[in-house]
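Visitor: dropping the sequence and predicted coords here.
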Amino acid sequence: MRKTALYDIHKENNSKIVDFAGWQMPVVYSGIRDEHMSVRNGVGIFDVSHMGEIRIKGQQAHEFCQYLTTNDLNVVKDNQAQYTVLCEESGGAVDDIIIYKFSGDEYFLCVNASNSKKDFEWIVSHSKDFNVIVTDESLNYSQLAVQGPKSRDLLVKVLGPEIDLIKKFYFNFIKWNGSVLIVARTGYTGEEGYELFLPWEKGPLLWKKLFEDGIQYEIAPCGLGARDTLRLEMGYSLYGFEIDKDINPLESGLDRYVKLEGDDFIGKNALLEYGKTGKKRKLISFEMVDKGIPRNGYPIYVKDDLAGYVTSGTLSPSLGKSIGLGLVKSESLNSGEIQVEIRNNMRKARIVSLPFIK
Amino acid sequence: MVDIPNDLKYTEEHEWARVNDDWVEIGVTDYAQDALGEIVFVELPGEGDDITIGDTFGGIESTKSVSDLYAPISGEIVEINEALLESPEIINEDPYGSGWIVRVKPNDSNELEKLLDSEDYSEFIENQAEE
């Protein structure tokens, strides 16, 4: 089991530690609800150092990264980030990632912890015909997510006024304490927020500094539990649940991140074919009408027919009601009532649009 | 420290039973509520329902996890703790008191003999922690 550079801090601060994707990670600090609301109203700090980082460098870095990913990389400028998907030839997802463009010949990928080894091997195995060097830098970086409406004020205070110049989904290199941090205005919570990549051993120092300077901002340390409820309220996909080897990005509702008109990429033919023959499955978002919390794997029925299953569900801390995402047959309705089978009982739910919180 | 009162009976599913003359009160242990985290939903049976030893009779959920409730004894539900429907977090706050879940009229008081006492249960969770 791996530990992040912040493990001792998490331990000392009485967080609940669980095994996650081969890492010992804090799942809860003070309580998921409190942490969640701190991010919605103040600022929450997450240690996400378990996430993987892969650097792709070389003359053909741009062509290669475009070949690997479904989104259109040509529109991305230097210092800009893009959400995109790595697909297999079959169209199934290897991972969903954020790609950071340093320049036309250098890209930096932030990948899911659970996939980072697989992604690296996948990328290397497809790199032979390209003039690029691929390096797994996952253990070089600590990563902190600073999320919430007060995140900008906090980071200006800690890192300086250049923070104010970073536009949404852009990043910049900021000097701090003798190191250069990658500060990206990205996140997984739906709030204003930043993700900071810094040298592994500097993680604890920055964590402490954020809390020292953050007292006035309703700051809270947050665990993976709140990360999950926050992303779910926005309807963001989580690899292994809404998107997977067997769930292609069109089924996941990620159409706008899949550019079938543009340059070639691995999986494009399969996805084109899939689009032509009509989707077989689609992702729906729903809230419970009856009592109960939908959970991964619970069956979804439309009228009396089994239509699919719940991919993720929770009691939304912001709304106080149960919400869920589900993968269903595409001919199922787009609105109206469905049933979720919860512990052998049929419970009514209603299809709603995303995000769950407006 | 996990609280394990010595006047209660326990199961390996982390339920406790308080035996009275008229009924047996059932809840989940301090260890269970701590492991679950903030409890956000409790599904209860109806009053008058029969429950069977070892079978599930409801559920208890935190934001992240779901656990079934297993009947420590067979019998009829004479009362459910309706306060939990509105405020399930009472179980976190007071698992052995106001966080009780149901009261059951036992069919067979011999079943109570099979439950663990506080020492057995304490040993059981220590062994679990070591695994």
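Guide: Alright, I've got the coordinates. Model, not experiment: these values are computed from the prediction. Numbers count the residues shown, from 1 in each chain, chains lettered A, B, ... in the order given.

Visitor: those helices in the chain, which residues are they?
Guide: You didn't say which chain, so I picked chain A. Applying DSSP state H to chain A gives helices spanning A:7-12, A:32-41, A:61-68, A:116-125, A:151-159, A:203-214, A:224-234, A:268-277.

Visitor: wait, chain B was what I had in mind.
Guide: B:30-36, B:83-86, B:90-93, B:118-130.

Visitor: mind putting those into a markdown table with distance to A:L238, mean pLDDT and mean neighbour count?
Guide: To be clear about C-beta, it is placed using only N, CA and C from the backbone, and glycine gets the same treatment. As requested, those are exported to a markdown table (distance: least, Cβ to Cβ, whole Å; pLDDT from 0 to 100; neighbours: other Cβ atoms under 10 Å in any protein chain shown):
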| stretch | distance to A:L238 | mean pLDDT | mean neighbour count |
| --- | --- | --- | --- |
| helix B:30-36 | 21 | 93 | 20 |
| helix B:83-86 | 30 | 94 | 14 |
| helix B:90-93 | 26 | 96 | 19 |
| helix B:118-130 | 29 | 89 | 13 |
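
Visitor: any chance of CSV for those helices, columns distance to A:M51?
Guide: Formatted as CSV, the helices of chain B follow (distance: least, Cβ to Cβ, whole Å):
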stretch, distance to A:M51
helix B:30-36, 27
helix B:83-86, 38
helix B:90-93, 31
helix B:118-130, 30
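
Visitor: now render these as CSV, adding distance to chain A.
Guide: Shown next, in CSV, are the helices of chain B (distance: least, Cβ to the nearest Cβ, whole Å):
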stretch, distance to chain A
helix B:30-36, 9
helix B:83-86, 8
helix B:90-93, 9
helix B:118-130, 14
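
Visitor: lowest-confidence stretch among the helices of chain A?
Guide: With a mean of 92, helix A:268-277 has the lowest mean pLDDT of the helices of chain A.

Visitor: and the pLDDT for A:Y107?
Guide: For A:Y107, the predicted pLDDT is 98.

Visitor: tell me which of the helices of chain A sits nearest to A:Q24.
Guide: Closest of the helices of chain A to A:Q24 is helix A:7-12, at 6.2 Å (criterion: Cβ to Cβ).

Visitor: just checking that closest one against chain B, any contact.
Guide: No: figure legend: helix A:7-12 not in contact with chain B (Cβ under 8 Å from any Cβ of the partner chain); closest approach 15.6 Å.

Visitor: off-centre distance for that helix?
Guide: Distance of helix A:7-12 from the chain centroid (Cα atoms, centre = their mean, to the nearest Å) equals 24 Å.

Visitor: what residue in the stretch 101-250 of chain A comes nearest to chain B?
Guide: Residue nearest to chain B within the stretch 101-250 of chain A: A:G225 (5.1 Å; Cβ to the nearest Cβ).

Visitor: follow-up on the earlier one: out of the helices of chain B, which is closest to A:L154?
Guide: Among the helices of chain B, helix B:90-93 sits nearest to A:L154 (Cβ to Cβ), with 30.5 Å.

Visitor: thinking again about what came up before, these two touch, right, the residue of the stretch 101-250 of chain A closest to chain B and A:R33?
Guide: No: the pair A:G225 / A:R33 is not scored as a contact, 9.6 Å apart, by Cβ atoms under 8 Å.

Visitor: looking at those two, which one has more neighbours?
Guide: A side-by-side neighbour count of A:G225 and A:R33, using other Cβ atoms under 10 Å in any protein chain shown, places A:G225 first with 26 against 20.

Visitor: chain B contacts on the stretch 151-300 of chain A?
Guide: Residues of the stretch 151-300 of chain A lying close to chain B (Cβ under 8 Å from any Cβ) are A:G225, A:D228, A:T229, A:K291, A:G292, A:I293, A:R295.

Visitor: which among these count as buried?
Guide: Buried members of these, scored by 16 or more other Cβ atoms under 10 Å in any protein chain shown, are A:G225, A:D228, A:T229, A:G292, A:I293, A:R295.

Visitor: what about the strands in chain B?
Guide: Secondary structure of chain B by DSSP state E: the strands cover B:9-10, B:15-19, B:24-28, B:39-43, B:50-51, B:56-62, B:66-70, B:75-80, B:102-106.

Visitor: the stretch 201-350 of chain A too?
Guide: Here the stretch 201-350 of chain A has its strands, by DSSP state E, counting those that start in this stretch, at A:219-222, A:281-288, A:299-302, A:305-315, A:322-329, A:337-342, A:345-351.
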